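Q: Could you look at this predicted model? Sequence included:
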Amino acid sequence: MDDAAVDGLRVCPGYCGHNLVQSTGNWSECESCHWGERSFNKVACTTCDRPLSAYDWLYLGFMAMLPLLLHSFFIEYCAAKRSQRRTLLLQHACSVFECAASALLAILLVPPLGRPTLLGCGPTELKDWYTMAYNPVINYSYTLRCTQEAVFP
């Protein structure tokens, strides 16, 4: 974001920021940033464009494996005592295919579209994980709802 373009904007409270209105080229009032953006300087919303770290990929891998583990558990738990091994193996294979295909499609359908890379906004402070506690209250009467995914994706 060009610093000269945001010089005249006021600082926003909490996780709020000013969005650039595409149709007019003007800046909005303080509001929540669009999906995939974040206000780092508490002034303008900027696009999340940092490559994910290895830790982020491991976390996403764990979240993708969790449904597979739950599927496998319930396939075994609900299987009849006399179920054929072949039937169980087919159910497990379908579960693996379903989870792998959904994880791959989810990565390919998030911008940048069609590429197996993810860009994001990493956490900078501990409060980035608990954004709901940081909705600013203006004059003790109006809550400005600006919290969203501060840690994206």
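A: That came through fine. Residues are numbered from 1 along each chain as shown.
Q: Quick one: mean pLDDT over the strand or helix carrying Phe97.
A: Assigned by DSSP states H and E, Phe97 belongs to helix 85-109. Averaged across helix 85-109, the pLDDT comes to 93.
Q: And for that helix, what's in contact with it?
A: Contacts of helix 85-109 from elsewhere in the structure, counted by C-beta atoms under 8 Å, 6 or more residues apart in numbering, are 64-65, 67-68, 71-72, 75-76, 79, 114-116, 118. Any C-beta I mention is one placed from the backbone N, CA and C, and that applies to glycine too.
Q: same deal with stretch 133-140?
A: In this structure, residues lying in contact with stretch 133-140 by C-beta under 8 Å, 6+ apart are Pro13, Gly14, Tyr15, Cys16, Lys127, Thr143, Leu144, Arg145, Cys146, Thr147.
Q: which regions of this structure sit below the pLDDT cut-off?
A: Low-confidence segments of the chain, defined by pLDDT under 70, are located at 1-7, 132, 136, 149-153.
Q: 90 - rerun?
A: When the per-residue scores of the chain are filtered using pLDDT under 90, the ranges that remain are 1-26, 28-57, 59-60, 63-64, 76, 78-86, 107, 110-153.
Q: Can you show me the helices along it?
A: In order along the chain, the chain carries the following helices (DSSP state H): 54-78, 85-109.
Q: export the ones you listed to JSON lines and tack on mean neighbour count?
A: Output for the helices of the chain, formatted as JSON lines (neighbours: other C-beta atoms under 10 Å):
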{"stretch": "helix 54-78", "mean neighbour count": "12"}
{"stretch": "helix 85-109", "mean neighbour count": "13"}
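Q: Centroid-wise, who is the farthest residue in the protein?
A: For the chain, the residue at maximal distance from the C-alpha centroid (C-alpha atoms, centre = their mean) is Arg82, at 43.3 Å.
Q: ok, so what distance separates it from Leu88?
A: Computed as C-beta to C-beta, to the nearest Å, the Arg82 to Leu88 distance reads 11 Å.
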